[in-house]
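Undergrad: with the sequence up front, the predicted model follows.
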Amino acid sequence: MSSVTTSTSSAAPRRAMLTDPGYQAFVILRVGFTVAPILFGLDKFANLLVDWPAYLAPWIDDLVPGSAQAAMYAVGAIEIVAGLAVALAPRFGGWLVAGWLAGIIVNLLTIPGHYDIALRDFGLLLGAVALARLAQRYHAEQRP
């Protein structure tokens, strides 16, 4: 009988949390910032969505060894790791994605004609920061 009471009492806060708009926003951001970096990271190996090396600033291409495509392989691996970090530890992963996006923005601002994409990525950076902050809040609420 006590196990029924325990499971019922633990299910009620969980249901309440699922109806909380802040928690819903956290879940939406967590799923988005898990799936998108993983998919974009995987595409760095296939170039199906876009020719990714074209988005690498020439000065960065000069700094890294190998070709621009080889740099994109490293970028893809980092993006996959960032997506997994958001899935497993969003309090850390959100900040990791935000930092990564800041680097992408710097890269894009040094390529003429890519300012619109840099602005879009700034919006994504704000979303990643919001994810990290919401993760902090909901992590604190889940602790006993």
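TA: Received the coordinates, thanks.
Undergrad: please count neighbours and contacts with C-alpha atoms only from this point.
TA: OK.
Undergrad: who's in contact with the helix or strand containing Leu29?
TA: According to DSSP states H and E, Leu29 maps onto helix 21-43. Counting contacts by C-alpha atoms under 8 Å, 6 or more residues apart in numbering, the residues outside helix 21-43 that touch it are 17-18, 49, 75-87, 90, 94, 97, 127-128, 131, 134-135, 138.
Undergrad: what average pLDDT does that helix get?
TA: Confidence for helix 21-43, expressed as mean pLDDT, is 97.
Undergrad: go on, stretch 116-132?
TA: Here the average pLDDT along stretch 116-132 is 98.
Undergrad: end-to-end on stretch 44-51?
TA: 9 Å (C-alpha to C-alpha, to the nearest Å).
Undergrad: how about it: buried residues?
TA: 44-45 (16 or more other C-alpha atoms under 10 Å).
Undergrad: what do you get for stretch 69-83?
TA: 69-73, 75-83.
Undergrad: in the helix holding Leu29, what counts as buried?
TA: Buried residues in helix 21-43 (16+ other C-alpha under 10 Å): 23, 26-27, 29-30, 32-35, 37-38, 40-43.
Undergrad: now stretch 88-97
TA: So stretch 88-97, judged by 16+ other C-alpha under 10 Å, has buried residues 90-97.
Undergrad: which two among the residues you listed are spaced furthest apart?
TA: Arg91 and Val97 (10.7 Å; C-alpha to C-alpha).
Undergrad: need the longest helix for the protein.
TA: The longest helix of the chain (DSSP state H) is helix 115-142.
Undergrad: and that one, what does it pack against?
TA: helix 21-43, helix 90-109 (3 or more C-alpha pairs under 8 Å, 6 or more residues apart in numbering; DSSP states H and E).
Undergrad: how far is the longest one from where the chain is centred?
TA: Right, helix 21-43. Helix 21-43 has its C-alpha centroid displaced from the chain centroid by 6 Å (C-alpha atoms, centre = their mean, to the nearest Å).
Undergrad: now the longest helix of the chain: how far from the chain's centre is it?
TA: Between the centre of helix 115-142 and the centre of its chain there are 8 Å (C-alpha atoms, centre = their mean).
Undergrad: got it, and stretch 37-49?
TA: That offset, for stretch 37-49, works out to 14 Å (C-alpha atoms, centre = their mean).
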